[in-house]
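Colleague: please find the sequence and the predicted model below.
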Amino acid sequence: MNFYQITNIEKRRGKRTGRIQTGWSLIIALLLIITISPSLYSLGKEETKHNILLITIDTLRADRLSCYGSENPKTPNIDRLAERGVLFSRAFANTSTTLPSHANILLGATPNYHGVHENLNFIVNDALLTLAEYLKDNGYATGAFVGAYPLDSRFGLSQGFDTYDDHYSRIHSVNLASLERKAEEVIDSALSWLEDRRSPWFLWIHCWDPHTPYEPPEPFRTQYKENPYDGEVAYVDSALGNFFDHFSPPLSMYP
């Protein structure tokens with residue numbers, strides 16, 4: 001599993017300069033990065049390139065994942081990925097809020113460099129090279145499907161994505177910061193995008209559900225009525241399980 005980290009890269013006059021570093025991907029409370037064998041999809045001339053799936057889950061506590069010891073809720077789908085991948089016991093985020101944290105991931109830099117320090121009031125500078133732009137330049141189809149307004153395309157992380165789906169279920173005239181959609185809606189849109197992908201692809205799926213307000217759908221609302229946050233976590237794990245099942249062999253069991 002590979003994570004391509006971009007450091008100190010800027011776009012200047014249509015050219016990009018800098019260094020690409022390759023490191024191990026990780027599964028932690030907020031981030032899953034998975035490479036998928038091209039044998040799962042027909043890639044033609046690009047068959048030596050791996051597909052890359054990035055899953056980010058907002059405000060997900062490590063102690064609510066059973067791969068980190070949680071007894072309730074159980075997260076069997078994320079657990080199976082952890083068993084097949086790399087599980088970090090010590091991992092740290094440079095930023096605690098959504099937009100700058102995702103900028104860190106997609107730019108391979110921290111706020112001191114990229115300048116995005118909080119949600120809503122900052123925009124990613126177009127002079128910076130994103131992971132999506134780098135992969136697009138190297139023959140990848142790129143798609144992003146995000147679950148909430150802090151990652152709206154207006155904040156600049158859409159750079160390099162052929163498709164950047166930020167279509168929320170609520171209209172923008174209602175409390176902008178709370179605009180969101182359920183994980184199942186995000187995943188359904190991502191699966192529709194994947195149906196026609198034949199070249200190597202980079203897909204980013206962002207789930208917002210464990211963030212406030214805690215309103216899990218049934219049956220999780222009833223099962224976790226005493227702790228709706230846990231219900232949101234269990235719901236996201238279930239939604240991801242449905243997503244993994246669309247791969248053959250199922251992604252959750254892929255070595």
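Modeller: Yep, it's here. Numbers count the residues shown, from 1 in each chain.

Colleague: and the end-to-end length of stretch 202-222?
Modeller: 36 Å (C-alpha to C-alpha, to the nearest Å).

Colleague: what comes up buried for that stretch?
Modeller: Buried residues in stretch 202-222, counting neighbours by 16 or more other C-beta atoms under 10 Å, are found at 202-211, 214, 216, 220. For the C-beta atoms, the positions are set from N, CA and C on the backbone; glycine is no exception.

Colleague: stretch 75-88 too?
Modeller: 75, 77-82, 84-85, 87-88.

Colleague: any stretches of the stretch 101-250 of the chain with poor pLDDT?
Modeller: Residues of the stretch 101-250 of the chain meeting the criterion pLDDT under 70: 169-178, 248-250.

Colleague: and the strands in the stretch 151-255 of the chain?
Modeller: 163-165, 201-207 (DSSP state E, counting those that start in this stretch).

Colleague: over to the stretch 1-150 of the chain?
Modeller: 2-12, 15-24, 31-36, 51-57, 141-145.

Colleague: name the residues that touch the shortest one?
Modeller: Read it as strand 141-145. Defining contact as C-beta atoms under 8 Å, 6 or more residues apart in numbering, one finds that strand 141-145 is touched by 132, 135-136, 157-158, 160-165, 186-187, 189-190, 193-194, 197, 199-206.

Colleague: in the protein, which helix is the longest?
Modeller: helix 228-244 (DSSP state H).

Colleague: check the offset of it from the chain's centre.
Modeller: Here the centre of helix 228-244 is set off from its chain's centre by 14 Å, with C-alpha atoms, centre = their mean, to the nearest Å.

Colleague: about what we covered before: pick out the most distant pair among the buried residues of stretch 75-88.
Modeller: Distance extremes for the buried residues of stretch 75-88: the farthest pair is Asn77 and Phe88 at 18.4 Å, using C-beta to C-beta.

Colleague: quick check: Val124 touching Phe155?
Modeller: Yes: the criterion here is C-beta atoms under 8 Å, and Val124 meets it with Phe155 at 6.5 Å.
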